[in-house]
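Colleague: show me how the following folds:
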Amino acid sequence: MDDKKKSSIKRKIIELCMEKDILITQELLDNSELFENFNFQDLQKKEEAVLNKEIFQTNYPKNTHKETETENSLLREQTKTEEKTEPFPTKNIQTLSQNKQPEKGTVKIVFSYNGKPKKRDVSDFVGYFNSRYKTLEKILRNRQDLRSVTSISRVLQKRERENVAMIGMIKDKQQTKGGNINIVMEDQTGEITVIVKKSKPQLYELANNTTFDEVIGIVGGNSGKIVFANNIYFPDIPHKELKKCDDEVYALFLSDLHVGSKKFLRDKFERFLKWINLEAGSEAQKEIASKTKYLFIAGDLVDGVGIYPVQEADLEIIDAYEQYKECTRLLDRIPKHIQIIIIAGNHDSIRLAEPQPSFSRGVGESLLALENVTFVSNPGVVNIHSSNNFSGFDVLLYHGYSFDYYVANINKIRFSGGYDRADLIMKYLLQKRHVAPTHTSAPYLPDAEYDPLTISTAPDFFITGHIHKTAVAQYKATTLICGSCWQDTTSFQIKVGHHPEPGRVPVANLKTREMKIMRF
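Modeller: Below is the predicted model of the structure:
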């Protein structure tokens, strides 16, 4: 049978199936026996058409679970009645997959820090901040109003008042008695005071939500050794076209498993594993699982040992090696065609200073046995789903240790939801082009050659975790995703103001860039 005739038959099959409310898979359409055995007249006459009873059924029950564009609840338990009428049983999917195994996704490491350990001294910190300044200065100079930037030393030498443009790092910020904001900026030539008047509310709002050590651009009028700001510029990510792929493929985003904790929610994670193995869920949910090729885990795979005082009382598994072994057993049950990308978090047995290296030999060594896992540093960047005709998606992963600082110190975030608005924190960091711009916001390892915490290029996806509550948003062409957790609420989380929502998994359709959140 020639390809043209096959295409015509496929089109008729799809049209008739839609009329009969029949679910049909791509695998079935690719089956050569379909064109030899299918009888169109029988389909039109019968209320139920069975090409292969183990693969294809009609009159499947309607999904009774609430589904929206942003939320998709997973079936918790399958009743006996539902098992009898299930339109796409797991065993039949497995039978089909024996004939055609799902294709694996592609993962390329774009950035993963692998600097060699060495003794650090003051010069490393100086080089670290100088390299950050140069990187962000270069980005800011692309702004039209900042192309004729003047160094701070030259601005200080000017005797006549005129408009000036400067780029500098924020050294200090204070509010005056009159309600204005004084910002002390410095570059490699000197420092100067910038005044932002409260009579300019939009500009004042921008200045009020700046943070120490970030690099900004200022345009204003000089007066002696003071500049009165007329505009403030951030490095920010540029506007670009929203990238999409041609084939329908899904990516899942997890975080904060905390295996080993007494509050590890094993039952929820078991439901997740059953779903991803096509053993539970509605028809639409199984369809997503069958087309999933990528799974991201944004740190805190285990609860760790000695992370906080008397933690042993909260542990079900008190040995860190055993925690990782149990985590490995769980992750090993994820289908092997799904590519898993993992970074460490502050509970993992890796140095706390960022960038945290990827998992290697040591306490978490058991994870290395997983054949479908890519490990990168925290933060790290990978490119997924590239092909000869598609450049792929750049994904920035950062666990989110710095989030606590910005929730506490940035008014725009603190008064707009705080820990409940991870999307605001992530947007803020993208605007600063750095995952931890303030010196004390996260422990870091100063690299004299470059600052590995800088967001040098705009990602297609920005993935985080840490605060145990899911958030999904879009900022320009970047999708912001904060993963949920698999640990019940702890006394520490209540103390610091976290409001965890465990067992939720953001799901991205890479063809449409639509997002859903599945609840387990």
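Colleague: residues near the closest residue to residue 379 other than its chain neighbours, how many?
Modeller: Nearest residue to residue 379, sequence neighbours excluded (C-beta to C-beta, 6 or more residues apart in numbering): residue 398, at 4.1 Å. Any C-beta I mention is one placed from the backbone N, CA and C, and that applies to glycine too. A count of nearby residues for residue 398, using other C-beta atoms under 10 Å, gives 29.
Colleague: repeat for residue 519
Modeller: So residue 519, with other C-beta under 10 Å, has 19 neighbours.
Colleague: any idea what it is bridged to?
Modeller: residue 73, residue 504 (DSSP bridges).
Colleague: pretty sure it is touching residue 504, no?
Modeller: Yes - Residue 519 sits in contact with residue 504 when judged by C-beta atoms under 8 Å, with a separation of 5.4 Å.
Colleague: and the residue nearest to residue 379, what does it touch?
Modeller: Going by C-beta atoms under 8 Å, 6 or more residues apart in numbering, residue 398 touches 298, 343, 378-379, 435, 462-464.
Colleague: where's it relative to residue 455, distance?
Modeller: Note on residue 398: its distance to residue 455, by C-beta to C-beta, to the nearest Å, is 9 Å.
Colleague: overlap in contacts of those two?
Modeller: Joint contacts of residue 398 and residue 455 (C-beta under 8 Å, 6+ apart) are residue 435.
Colleague: returning to what we had before: dump the contacts of residue 398 into TSV; add distance to residue 203, pLDDT and secondary structure as well.
Modeller: Formatted as TSV, those follow (distance: C-beta to C-beta, whole Å; pLDDT from 0 to 100; DSSP: H, G, I helix; E, B strand; the rest coil):
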residue	distance to residue 203	pLDDT	secondary structure
298	35	97	strand
343	37	97	strand
378	35	97	strand
379	31	98	coil
435	26	98	coil
462	27	98	strand
463	33	98	strand
464	29	98	strand
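Colleague: in three-state terms, label residue 118 for me.
Modeller: Counting by DSSP: H, G, I helix; E, B strand; the rest coil, the backbone at residue 118 sits in coil.
Colleague: and it, what pLDDT?
Modeller: On pLDDT, residue 118 comes in at 86.
Colleague: how about it, phi and psi?
Modeller: When read as degrees, to the nearest 10, the backbone of residue 118 gives phi -160, psi 170.
Colleague: residues contacting the helix or strand harbouring residue 374, please?
Modeller: Element membership of residue 374 [criterion: DSSP states H and E] is strand 373-375. Strand 373-375 has contacts (C-beta under 8 Å, 6+ apart) with 107, 109, 112, 331, 339-343, 358-360, 367-368, 382.
Colleague: if any of these are buried, put those into a ChimeraX selection.
Modeller: ChimeraX command restricting those to the buried ones, with burial defined by 16 or more other C-beta atoms under 10 Å:
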select :107,112,331,339,340,341,342,343,358,359,367,382
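Colleague: residue nearest the centroid of the chain?
Modeller: residue 463 (1.4 Å; C-alpha atoms, centre = their mean).
Colleague: how about that one: what's its closest non-neighbour residue?
Modeller: Among residues not flanking residue 463 along the chain, residue 397 sits closest, at 4.8 Å (C-beta to C-beta, 6+ apart).
Colleague: could you report the neighbour count for that neighbour?
Modeller: Around residue 397 there are 28 residues (other C-beta under 10 Å).
Colleague: again with the one 10 residues further on
Modeller: Other residues lying near residue 407 total 22 when counted by other C-beta under 10 Å.
Colleague: wait, residue 183 touches residue 207, no?
Modeller: Yes - counting by C-beta under 8 Å, residue 207 is a contact partner of residue 183 at 6.4 Å.
Colleague: other SSEs contacting the helix of greatest length in the chain?
Modeller: Counting residues, the longest helix found in the chain (DSSP state H) is helix 122-140. With contacts taken as 3 or more C-beta pairs under 8 Å, 6 or more residues apart in numbering; DSSP states H and E, helix 122-140 sits against strand 163-175, strand 215-223.
Colleague: deepest-packed of the ones you listed, please.
Modeller: Highest mean neighbour count of these: strand 215-223, a mean of 20 (counted as mean count of other C-beta atoms under 10 Å).
Colleague: any idea how far it is from the middle of the chain?
Modeller: Relative to its chain's centre, strand 215-223 lies at 34 Å (C-alpha atoms, centre = their mean, to the nearest Å).
Colleague: follow-up on the earlier one: what is the following helix or strand past the longest helix of the chain packed up against?
Modeller: Per DSSP H and E, helix 122-140 leads on to helix 152-157 as the next helix or strand towards the C-terminus. Applying 3+ C-beta pairs under 8 Å, 6+ apart, we find helix 152-157 packed against strand 163-175, strand 191-196.
Colleague: buried set for helix 152-157?
Modeller: 152, 155-156.
Colleague: now residue 400: closest residue in space that isn't a chain neighbour?
Modeller: Of all residues not flanking residue 400 in the chain, residue 466 sits nearest, at 3.3 Å (C-beta to C-beta, 6+ apart).
Colleague: got it, and residue 327?
Modeller: residue 259 (4.2 Å).
Colleague: relative to residue 486, how far out is that neighbour?
Modeller: 8 Å.
Colleague: do residue 457 as well
Modeller: Taking C-beta to C-beta, one finds residue 457 at 31 Å from residue 486.
Colleague: the two: which has the busier surroundings?
Modeller: residue 486 (28 against 14).
Colleague: how near is the more buried one to residue 324?
Modeller: The value you get for residue 486 to residue 324, if C-beta to C-beta is used, is 15 Å.
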